[in-house]
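In: A predicted structure for the sequence below; I have some questions about it.
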Amino acid sequence: MASSKELVAEFDQEMHEIYRRALSEADYKASRFLDMLFAHGGVETARRLLHSPHISEGYTALWERKRLDLTVEAVIYGNEKWHPLFTSEEIAICRKRLVQYEYILQ
């Protein structure tokens, strides 16, 4: 089992990977997201996005492209490996958004 530090580093890599995939697979350049990753790291970037009162432009852009699988919310909610990095409230926010945008059914 990965240590907390290793898990944070792996999550960081996963966040950079969804940036790359959004660019190559959905033709979406998430410049602000990438800037946030470099400034704050993956976990803090995810927390800032989750606790924002508004859905991010990136989330909307990926929804329009039918690629919510490339959102922070889908990555966190869809893989229990990441759950120890987030509170149950943050995981619930992920689920709520994914249900609201019909990525997952209630």
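Out: Happy to help now that I have it.

In: show me where the chain has helices.
Out: 4-26, 31-51, 57-64, 72-78, 88-100 (DSSP state H).

In: Of these, which stretch is the most buried?
Out: Comparing these by mean neighbour count (mean count of other CB atoms under 10 Å), helix 72-78 ranks first with a mean of 22. For every residue, glycine as well, the C-beta is placed using N, CA and C.

In: Quick one: mean pLDDT for that helix?
Out: For helix 72-78, mean pLDDT is 97.

In: by contact count, what packs against it?
Out: Counting by 3 or more CB pairs under 8 Å, 6 or more residues apart in numbering; DSSP states H and E, the packing neighbours recorded for helix 72-78 are helix 4-26, helix 31-51, helix 88-100.

In: now what about that helix, what contacts it?
Out: Identification of contacts with helix 72-78 by CB atoms under 8 Å, 6 or more residues apart in numbering yields 14-15, 18, 45-46, 49-50, 59, 68-69, 82-83, 85-86, 90-91, 93-95, 97-98, 103-104.

In: Off-centre distance for that helix?
Out: 5 Å (CA atoms, centre = their mean, to the nearest Å).

In: Restrict it to CA atoms and write it as PDB.
Out: Written as PDB, here are the backbone C-alpha positions of helix 72-78 (Å, rounded to 0.1, in the frame of the first residue of the first chain):
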ATOM      1  CA  VAL A  72     -11.400  16.100 -11.300                       C
ATOM      2  CA  GLU A  73     -14.800  15.000  -9.900                       C
ATOM      3  CA  ALA A  74     -14.900  11.800 -12.100                       C
ATOM      4  CA  VAL A  75     -11.300  10.900 -11.300                       C
ATOM      5  CA  ILE A  76     -11.900  11.200  -7.500                       C
ATOM      6  CA  TYR A  77     -15.300   9.700  -7.300                       C
ATOM      7  CA  GLY A  78     -14.600   6.900  -9.800                       C
END
